[in-house]
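1. got a predicted structure here, sequence first:
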Amino acid sequence: MAKKPNKLKARLPRGFVDRSAEDIRATDEMLSQIRAVYEQYGFDPVETPAFEYTDCLGKFLPDTDRPNAGVFSVQDDDEQWMSLRYDLTAPLARHVSENINEIQLPYRTYRAGWVFRNEKPGPGRFRQFMQFDADTVGAPGVQADAEMCMMMADTMEALGIPRGQYVIRVNNRKVLDGVLESIGLGGEENDERRLTVLRAIDKLDKFGIEGVRLLLGEGRKDDSGDFTKGAGLGKDQAEFVLSVVMNERFVEGEEEMALDQANRKTPGFSEGFAELDLIRDVISSCGYGEDRIKIDPSVVRGLEYYTGPVYEAELLFDVTNEKGEVVQFGSVGGGGRYDGLVKRFTGRDVPATGFSIGVSRLMTALKNLGKLNTSDVSAPVLVTVMDGDVEALGRYQKMAQDLRNAGIRAEMYQGNWKKFGNQLKYADRRDCPIAIIQGSDERDAGEIQIKDLIEGKRLSEEITDNITWRESRPAQITVKEADLLTAVKGILESHAEDRKRASEG
RNA sequence: GCAGACGUAGCUCAGUUGGUUAGAGCGUCGGAUUGUGGCUCCGAAGGUCGGUGGUUCGAAUCCACUCGUCUGUACCA
């Protein structure tokens, strides 16, 4: 060997992950639990593709400077720009608009799918992740928003999150807009400052009230010494914003606000309150208390297309990372009313509301809570191979087939059968519960050996020398060929009982 | 995007003020053991010291740039 050829380095693009069997099974389980709730509420599935024409997705048209800022975009051979979707809402609006004449409104629909964001990835933040959305399109009344909140709450509980460990927080963009208008930040010329104020409010749970006060004013210096410029509000303006956002009595309704700034109310302000009152009435008459759905004036929720009520699902238990440190987890889902989205395509008023659950994030949290259904899929029974002639191979495969037909997960060893020890080692590492063994001796006697690998592992702790270990053949029984299925079933059942007892004890 | 910390074997990490052939544990593979997992013992493979360039007689070590990871922050439709 002279020079080594330059090997191609196998590497995953940053921000993307491979999913393990365990993750996939856990995700499937979660999806089916979520789906069951949505179906129960009378929603139907619809799916759209991962790619859309860029202009259908939103305002981010690729330009020559940064064609992929925020989104992954490619140019089709007819030179049209296409992008990978970054959420499921914009594609739904496109779908509804394109099929508006066939779709019966109000349209209640759900879908799960991968979305892509070309942003800086971080722990628990990927450039491809899964969302599970539900939307009601063509429903103008905020009772539809109330229903969304209730469905979100139900979904949290269906996933095994106990009541009190989550909360759906609800606000209304009209209230926030009213506040901004009343402190003189109305009109297009103040777009930029309005955004800054909203972003500051959004940071309430992260930096606390003092942090937000700084951000509303001159700005804030973070731990690394980096300075974030604030919104530059005057003291009076900032305190008014904070008084609304922090007001405990806000949850009791407009009449209870008792703000001496009543003269600062704007039409939007009042309308927003009225809508929240209605939502409050609907959910409380359905028996949803504040421990599940709570009006909270500090919810901001995105900045672009929401026009009315906005809501957010937050977890109330501590989530820890691999190092055991408690991390700021943020919301696991949210949504709101987007009355303008379909209109962009159709010109018709098609009000809509919906929410999105961040499946991947929620799964991380559930893992923490120990509520993640670690799959009870058990590894297959292994039929080992002692003889390699054609006839014997057929017999082994037939055994596997018989086990499968009896509803038992099974496989025949497909590696190099000549090293028998390796077959058991394989079974051990694969966590096979049982190995089936039939060499010529057993064959001649019309018998089969069944080795209980789990029981055997337990016994191995007491055996120290290899000779005894090998010759005693722990946890291994011999049965007649005809009794194979019942014997295997019996062992698997006792394993299942042991597992059950262990998880209960 | 901005600021800081860190990049040595598949993994976790040693590596002295710059000094010969860069080490350990774990894991992997082979053997002891052609038909029995674990334990034990023996052996082997595995490294462009993240990359490029520079300083030097000499660089894993010092410098510059670059890539990647982590933390904070910004953005997140």
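-> Looks like it came in fine.

2. you'd agree A:I209 is up against A:E239?
-> No. Applying Cβ atoms under 8 Å as the test, A:I209 and A:E239 come out as separate, 11.0 Å apart. No exception for glycine: its C-beta is placed from N, CA and C like everyone else's.

3. compare those two and say which is more crowded by neighbours.
-> Set side by side, A:I209 and A:E239 give different neighbour counts by other Cβ atoms under 10 Å, the larger being at A:E239 (15 against 12).

4. quick one, phi/psi of A:Q80?
-> Backbone dihedrals for A:Q80, given as degrees, to the nearest 10, come out at phi -80, psi 140.

5. how close does the nearest residue in space to it that is not next to it in sequence get to A:E275?
-> Nearest in space to A:Q80, with sequence neighbours left out and distances taken as Cβ to Cβ, 6 or more residues apart in numbering, is A:Y53 at 6.0 Å. Taking Cβ to Cβ, to the nearest Å as the measure, A:Y53 falls 34 Å from A:E275.

6. more neighbours, these two?
-> Neighbours were tallied for A:Y53 and for A:E275 using other Cβ under 10 Å; the higher tally belongs to A:E275 (23 against 12).

7. and whichever residue of chain A sits closest to RNA strand B, how many neighbours?
-> Among all residues of chain A, A:G456 sits closest to RNA strand B, at 1.7 Å; criterion: Cβ to the nearest atom of the strand. Counted with other Cβ under 10 Å, the burial measure for A:G456 works out to 20 neighbours.

8. pLDDT at it, what is it?
-> Looking at A:G456, its pLDDT reads 92.

9. and the one 4 residues further on, by the same measure?
-> According to the prediction, A:S460 has pLDDT 86.

10. for A:V244, same thing?
-> At A:V244, the predicted lDDT confidence score is 83.

11. for it, give me phi and psi.
-> With angles defined as degrees, to the nearest 10, A:V244 shows backbone torsions of phi -70, psi -50.

12. doesn't A:V175 make contact with it?
-> Yes. The criterion here is Cβ under 8 Å, and A:V244 meets it with A:V175 at 7.5 Å.

13. so these two - more neighbours on which side?
-> Comparing A:V244 with A:V175 by other Cβ under 10 Å, the one with more neighbours is A:V175, at 27 against 23.

14. since we're on the nearest residue to that one once chain neighbours are set aside, how many residues are nearby?
-> In space, and not counting its chain neighbours, A:V175 is closest to A:G272: 3.6 Å by Cβ to Cβ, 6+ apart. Other residues near A:G272 come to 24 when the count uses other Cβ under 10 Å.

15. so where does A:G272 fall, helix or strand?
-> For A:G272, the element it lies in under DSSP states H and E is helix A:267-285.

16. what's near enough to touch the residue of chain A closest to RNA strand B?
-> For A:G456, the residues meeting the contact criterion (Cβ atoms under 8 Å, 6 or more residues apart in numbering) are A:474-476.

17. also A:I450?
-> So, once contact is read as Cβ under 8 Å, 6+ apart, A:I450 ends up touching A:434-437, A:476-479, A:484, A:487-488, A:491.

18. of those residues, keep whichever come out buried.
-> When burial is judged by neighbour count using 16 or more other Cβ atoms under 10 Å, the buried members of the contacts of A:I450 are A:434-437, A:479, A:484, A:487-488, A:491.

19. would you format those as a markdown table with pLDDT and distance to RNA strand B included?
-> Conversion of the buried ones among the contacts of A:I450 to a markdown table gives the following (pLDDT from 0 to 100; distance: Cβ to the nearest atom of the strand, whole Å):
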| residue | pLDDT | distance to RNA strand B |
| --- | --- | --- |
| A:I434 | 96 | 9 |
| A:A435 | 96 | 7 |
| A:I436 | 96 | 11 |
| A:I437 | 96 | 5 |
| A:V479 | 96 | 13 |
| A:L484 | 97 | 15 |
| A:A487 | 97 | 15 |
| A:V488 | 97 | 15 |
| A:I491 | 96 | 12 |
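
20. doesn't A:A400 make contact with A:L484?
-> No. Using Cβ under 8 Å, A:L484 is not in contact with A:A400, being 11.0 Å away.

21. and A:G334, that's in a strand?
-> Yes. Assignment of A:G334 by DSSP: H, G, I helix; E, B strand; the rest coil places it within a strand.

22. who's it bridged to?
-> In this entry, A:G334 is beta-bridged to A:E312, A:S356, by DSSP bridges.

23. so what's it up against?
-> The contact partners of A:G334, taken as Cβ under 8 Å, 6+ apart, are A:301-302, A:310-313, A:355-356.
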